[in-house]
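> Build me a model from this:
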Amino acid sequence: MRIESIYEVAIYQHKKWTSKLQEATSDKEAEQIQKLRLDAFRLSLEPHIYHHLVERYGQQFDEHWQTYIPPKKANEAFVIVERRPHPNFWFILRNIAWSNPNMSVYIFCSDENIDFVKSLLLEKTPHFNVVQAFQGDASRERGKKEVDNLLSNHKVYESIDAEYIMTVEMDTFYRKHVPKTIFQGTYWGNPWAWTAKTPGGGGVTIRNVKKVAEHCKKLRPDITKDLITAQDAWLSDTTYAENEPFPDLQFRATHIMENIPVSDPVAVHQFWTYLDSYDILDKQKFLTNLNRILSFDL
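As a prediction, this is how the structure comes out:
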């Protein structure tokens, strides 16, 4: 899929939701429309983004995948938490394999997608740490809450044999090889525009396994109760409040990108949700910006 086609989807959504915002009769209605707008951008653009990435890089990544064998144990590990047979799984596995083949991989899945996961891994399955962590189907909201509970559970971190982990969601991609220098601090992720001074979070985060285990055990000792907020927001706020170390804004922004645009990040999380920020009314600038972010450092 050409990026010009992605532009057409984006400009359609922009015009549609800009019109709805202009028709709003109160600040409360406008706020609700803005939330729906972001969700619409995220859901409508994601399949087109990954279609483009698979078409552009899938063959090269698949060739690398054929001889790739991750270590069962390593100092750093990728961690995927996904209970669905997600359509981006094929690409994500190959993308992380290329970005750092020396990291081990943990996949926390469910009884409903574990066979799907193994069908993707095939003979490589014994080299991955596949953990069935969820049972049965769940609503979108309940599923998110169970992920929040898992990633704030000290016992989960105590089960991971690594010093650092890098979380990987199904709406992320890695443009570069993951550098050793990225593994620092207690917890951090992409900075959020609305609270850039805190460690941030999102779909790609860096976590010191031992320190986060201790952090979770101290601040969420009763794991039978649901975590009230999203796990990344909770970890960001509490890491900041507890004066735990994390990199400065410049380092975070230039390594992991979401809603604060930068020119050359290592990893990206659902930036298409915020494509209104990419000169969308200037087609050539938009296409230049989009192509830059979708270009990998091969």
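> part of a strand, is G202?
Yes - secondary structure assignment (DSSP: H, G, I helix; E, B strand; the rest coil) places G202 inside a strand.
> wouldn't it be in contact with D232 here?
Yes - counting by C-beta atoms under 8 Å, D232 is a contact partner of G202 at 6.4 Å. (C-beta placed from N, C-alpha, C; glycine too.)
> tell me, what's touching the two both at once?
G189 (C-beta atoms under 8 Å, 6 or more residues apart in numbering).
> As a check, name the ranges of all strands in the stretch 1-150 of the chain.
Secondary structure of the stretch 1-150 of the chain by DSSP state E, counting those that start in this stretch: the strands cover 76-81, 104-110, 129-134.
> how about a markdown table for the ones you listed, with mean pLDDT and mean neighbour count added?
As requested, the strands of the stretch 1-150 of the chain are exported to a markdown table (pLDDT from 0 to 100; neighbours: other C-beta atoms under 10 Å):
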| stretch | mean pLDDT | mean neighbour count |
| --- | --- | --- |
| strand 76-81 | 98 | 23 |
| strand 104-110 | 98 | 22 |
| strand 129-134 | 98 | 19 |
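> For these, could you give me CSV that also reports distance to H154?
Listed next are the strands of the stretch 1-150 of the chain as CSV, based on distance: least, C-beta to C-beta, whole Å:
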stretch, distance to H154
strand 76-81, 15
strand 104-110, 15
strand 129-134, 15
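> Looking at the ones you listed, spot the one closest to A213.
Comparing these by their distance to A213 (C-beta to C-beta), the top pick is strand 76-81, with 13.1 Å.
> relative to strand 104-110, how tilted is that closest one?
Here strand 76-81 runs at an angle of 10 degrees relative to strand 104-110 (axes from the mean of the first three to the mean of the last three C-alpha atoms, to 10 degrees).
> residues touching the residue nearest to K217 when sequence neighbours are not counted, list them.
Counting by C-beta to C-beta, 6 or more residues apart in numbering, K217 lies nearest to H154, which is 3.8 Å off, once chain neighbours are set aside. Under the criterion of C-beta under 8 Å, 6+ apart, the contact partners of H154 comprise A213, E214, C216, K217, R220, I223.
> before we move on, what about T229?
For T229, the contact set (C-beta under 8 Å, 6+ apart) comprises D148, D237.
> same thing but 10 Å
Applying C-beta atoms under 10 Å, 6 or more residues apart in numbering to T229 gives the contacts D148, S152, L235, S236, D237, T238.
> so how far is D248 from the first one?
When C-beta to C-beta, to the nearest Å is the yardstick, D148 and D248 sit 27 Å from each other.
> out of the two, which sits in the more crowded spot?
D148 (20 against 10; other C-beta atoms under 10 Å).
> wouldn't that one be in contact with I223 here?
No - proximity of D148 to I223 does not meet the contact threshold set by C-beta atoms under 10 Å, at 11.5 Å.
> Find the centremost residue of the chain, please.
Computing the C-alpha centroid of the chain and ranking residues by C-alpha atoms, centre = their mean puts G203 first, at 2.1 Å.
> At which residues are the helices of the stretch 51-200 of the chain located?
With DSSP state H, counting those that start in this stretch as the criterion, the stretch 51-200 of the chain has helices at 89-99, 114-121, 140-150, 154-158.
> quick one, which of the ones you listed is packed in tightest?
helix 89-99 (a mean of 22; mean count of other C-beta atoms under 10 Å).
> Report the angle between that helix and strand 76-81.
Helix 89-99 and strand 76-81 are oriented at 170 degrees to each other (the same axes, to 10 degrees).
> So which elements touch helix 89-99?
Based on contacts counted as 3 or more C-beta pairs under 10 Å, 6 or more residues apart in numbering; DSSP states H and E, the elements that helix 89-99 packs against are helix 27-67, strand 76-81, strand 104-110, helix 114-121, strand 164-168, strand 172-174, strand 267-269.
> The same query, at a cut-off of 8 Å, please.
When contacts are defined as 3 or more C-beta pairs under 8 Å, 6 or more residues apart in numbering; DSSP states H and E, helix 89-99 sits against helix 27-67, helix 114-121, strand 172-174.
> Max pairwise distance over the contacts of H154: which two?
Across the contacts of H154, the two members that end up farthest from each other (C-beta to C-beta) are E214 and I223, 14.3 Å apart.
> residues in contact with I107?
For I107, the contact set (C-beta under 8 Å, 6+ apart) comprises I80, E82, V117, F128, N129, V130, V131.
> if we go to 6 Å?
Shown here is I107, whose contacts under the criterion C-beta atoms under 6 Å, 6 or more residues apart in numbering are I80, V117, V130.
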